[in-house]
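>>> With the input below, show me the fold.
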Amino acid sequence: MSWFEMGPAAATRDLWVGLAGPTAPEYGVWKTPGGEPVHELLATEGPPGVRDVEWYFMPLPGHSGKRLVDAVWQYGDGLKVYSERMCAVLESCGARLQTWPADVRLRNGSPVEGYLSVLEEVDAPGPVHSLRRGRRTGRVIISGEVREALLDAGMTGLETLEADSAFPRDGGS
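Reported below is the predicted structural model:
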């Protein structure tokens, strides 16, 4: 089977987002009132793991890109921001994804519709899974079939590279 590493292309004209909220610190790790890092909870449990903190995705400071694409570059660990239509394509290929509505906002605070927060499977080499077994990163591994389906559907903002195995980052690279 052929495998590909996939993630946001991160073109400078594309929207890039990061976690934000009224209690987010300007510098350092953002923690819940219980002392857990917000980004780690989102990468492992998704939005249900962060009940006591108001958070959303905002454009990164100093980055002027605004173009909406199907895979949004998100400055964080394992929680991805994909368009609803991209998630539909991935799931039609058998991907087992956990998804939640994504609260994506523009600089002026207005909402951007049509995006989901996404966690992929981490323990099995399914059609869409983590680069590393047991841990999520900003990019995923997809099968050749998924790659073809994404190309056929005209998905935007993606970068795909050939991968040498189902879990290419297990070696620590």
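
>>> R67: neighbour count?
By other CB atoms under 10 Å, 11 other residues sit near R67. To be clear about C-beta, it is placed using only N, CA and C from the backbone, and glycine gets the same treatment.

>>> Need the per-residue pLDDT for it.
Reading off the confidence values, R67 has pLDDT 95.

>>> Same check on the one 10 residues further on?
The score at D77 is 74. That number is its pLDDT.

>>> Likewise for G62?
According to the predicted model, the pLDDT of G62 comes to 88.

>>> do the same with D164
D164 carries a pLDDT value of 93.

>>> who's in contact with it?
D164 is in contact with W3, counting by CB atoms under 8 Å, 6 or more residues apart in numbering.

>>> L116 now?
Going by CB under 8 Å, 6+ apart, L116 touches 81-84, 87, 99-102.

>>> Show me those residues that map onto helices.
The helices, defined by DSSP state H, take in 84, 87 from the contacts of L116.

>>> Show me which of the contacts of L116 are buried.
Burial by neighbour count, judged by 16 or more other CB atoms under 10 Å, picks out 81-83, 87, 99, 102 from these.

>>> what's stretch 79-97 in contact with?
For stretch 79-97, contacts defined as CB under 8 Å, 6+ apart pick out 17, 39, 42-43, 46, 57, 68-72, 74, 99, 102, 104, 114-121, 126-128, 136, 138, 140, 142-143, 145-146, 149-150, 153, 155.

>>> likewise stretch 3-11?
Residues from elsewhere that reach stretch 3-11 (CB under 8 Å, 6+ apart): 14, 16, 65, 67, 69, 71-74, 125, 131, 138-144, 146-147, 150, 157-166, 168.

>>> Count the neighbours of E120 for me.
E120: 22 neighbours (other CB under 10 Å).

>>> my read: it touches P127, true?
No - with contacts counted by CB atoms under 8 Å, E120 stays clear of P127, the gap being 9.8 Å.

>>> Counting by contacts, list what the longest strand belonging to the chain packs against.
The residue-count maximum for a strand in the chain (DSSP state E) belongs to strand 135-143. In terms of contacts (3 or more CB pairs under 8 Å, 6 or more residues apart in numbering; DSSP states H and E), strand 135-143 is packed against strand 3-8, strand 115-120, strand 128-132.
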